[in-house]
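Undergrad: What shape does this take:
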Amino acid sequence: MSGSLRAKWNILKAELQNHRRMLIAFSGGCDSAFLMTAARLVLGKENVLAVTAVSASLPIKERDATVCVAAQLDVTHEFLETRELEDPNYTANPSNRCFFCKNELFNRLASLAQEKNMLLADGFNASDRSDYRPGFQAAQKWQVIHPLNDANLFKKDIRALSRWLRVPTWNKPASPCLSSRIPYGTPVSKNSLWQIEQAEEALHQEGFAVVRVRHYGRLARVEVPLKDLNALQETPCWTRIIAKLHTLGYEQVEIDPRGFKSGRLNENSIATF
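TA: Numbers count the residues shown, from 1 in each chain. Presented below is the predicted three-dimensional model:
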């Protein structure tokens with residue numbers, strides 16, 4: 001471990017020691033899993049609770065994975081059902097859609113944290129500062145703390161420390177909620193989220209670990225990393241994928257020749273923190 005990374009690790013530990021008891025919004029991803037691990041080490045199992053929000057925007061595979069990860073890390077874990085799909089502000093899918101999702105989540109988590117005499121924390125980190133994150137404003141509203149950001153830990157730092165600590169998610173690809181595949185202005189529905197989940201699962205079954213299916217009504221646009229484009233375009237594979245996506249209700253299926261890019265639908269949005 002480099003000296004600078006060790007210094008950040010020490011800052012994080014000191015930050016956690018100041019908080020004593022912590023409820024962590026656990027998405028199942030690398031960042032929140034690392035925060036869980038660090039909090040468990042510093043505060044002890046009895047002072048850490050991980051809570052995963054469950055709704056149609058969370059793939060079933062991801063939901064199940066949170067149980068396994070929490071068990072491996074020996075962290076107490078609970079599910080909390082959220083109802084963002086009952087909010088017309090959310091389903092209308094404006095450019096600040098994530099605010100309404102996070103507002104629902106943190107509202108419910110803040111009540112639980114207060115009940116358990118815990119501080120509410122999430123995995124927001126230094127790398128997230130450069131992306132469009134309207135959910136950050138909801139976190140501020142509900143006084144969510146960001147220990148990883150406070151320690152100036154970037155994604156590469158979190159992955160390096162996670163590998164050092166043997167956190168199973170150290171190299172897990174990012175997997176934002178399914179609604180992030182729908183262009184702003186196109187309504188979000190349970191059916192569209194189901195289509196996206198099933199379509200991406202079909203690609204995973206073909207061996208593609210990193211994939212996004214962007215949902216444009218009856219058009220599905222598939223993104224994979226540039227290194228995987230040739231494999232995706234192979235006739236037998238692509239024919240099977242098209243057939244599967246047609247059964248899900250997509251009339252047109254396209255490959256995005258630019259390859260995968262995280263947050264592509266945010267490209268025209270402006271971040272303000």
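Undergrad: As CSV, could you dump the C-alpha coordinates of stretch 121-141?
TA: The C-alpha coordinates for stretch 121-141 follow below in CSV (Å, rounded to 0.1, in the frame of the first residue of the first chain):
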residue,chain,number,x,y,z
ALA,A,121,-24.1,7.0,5.9
ASP,A,122,-23.7,6.2,2.2
GLY,A,123,-20.9,5.3,-0.2
PHE,A,124,-20.6,8.7,-2.0
ASN,A,125,-16.9,9.2,-2.6
ALA,A,126,-14.5,11.6,-4.3
SER,A,127,-15.0,10.2,-7.8
ASP,A,128,-18.7,10.9,-7.6
ARG,A,129,-18.1,14.6,-7.4
SER,A,130,-17.4,14.8,-11.1
ASP,A,131,-20.7,13.1,-12.2
TYR,A,132,-24.3,14.4,-12.3
ARG,A,133,-25.7,13.4,-8.9
PRO,A,134,-29.0,15.0,-8.0
GLY,A,135,-29.4,12.3,-5.3
PHE,A,136,-26.6,14.1,-3.5
GLN,A,137,-29.0,17.0,-2.8
ALA,A,138,-31.4,14.6,-1.2
ALA,A,139,-28.6,13.2,1.0
GLN,A,140,-27.8,16.8,2.2
LYS,A,141,-31.5,17.3,3.0
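Undergrad: buried residues in that stretch?
TA: Using 16 or more other Cβ atoms under 10 Å as the test for burial, stretch 121-141 gives 121-128, 132-136, 138-139. Quick note: C-beta positions are derived from backbone N, CA and C, even for glycine.
Undergrad: now it: how far from the chain's centre is it?
TA: In terms of Cα atoms, centre = their mean, to the nearest Å, the centre of stretch 121-141 is found 12 Å from the chain centre.
Undergrad: quick revisit: hmm, which of the buried residues of stretch 121-141 is lowest in pLDDT?
TA: Ranked by pLDDT, the buried residues of stretch 121-141 bottom out at Y132, which has 71.
Undergrad: That one sits in which helix or strand?
TA: According to DSSP states H and E, Y132 maps onto no helix or strand at all.
Undergrad: hang on, it packs against G263?
TA: Yes: at 7.1 Å, Y132 and G263 qualify as touching, with contact defined as Cβ atoms under 8 Å.
Undergrad: what separates G3 from V54, distance-wise?
TA: Applying Cβ to Cβ, to the nearest Å, the value for G3 to V54 is 41 Å.
Undergrad: about what we covered before: of the buried residues of stretch 121-141, just say which sits nearest to T235.
TA: Y132 (37.5 Å; Cβ to Cβ).
Undergrad: ok, residues contacting stretch 164-178?
TA: Under the criterion Cβ atoms under 8 Å, 6 or more residues apart in numbering, residues 1, 28-30, 33-34, 37-38, 41, 56-59, 62, 68-69, 72-73, 101, 159, 162-163, 193, 196-197, 209-210, 262-263 lie in contact with stretch 164-178.
Undergrad: in this structure, which helix has the most residues?
TA: Criterion DSSP state H: the longest helix present in the chain is helix 97-115.
Undergrad: what separates that one from the chain centre, distance-wise?
TA: 15 Å.
Undergrad: Check the buried residues of stretch 121-141 and tell me the two furthest apart.
TA: Pairwise distances across the buried residues of stretch 121-141 (Cβ to Cβ) peak at 21.8 Å, for the pair A121 and Y132.
Undergrad: Okay, helices next: where are they in the stretch 1-150 of the chain?
TA: In the stretch 1-150 of the chain, the helices defined using DSSP state H, counting those that start in this stretch lie at 3-17, 30-43, 60-73, 88-91, 97-115, 135-141, 147-150.
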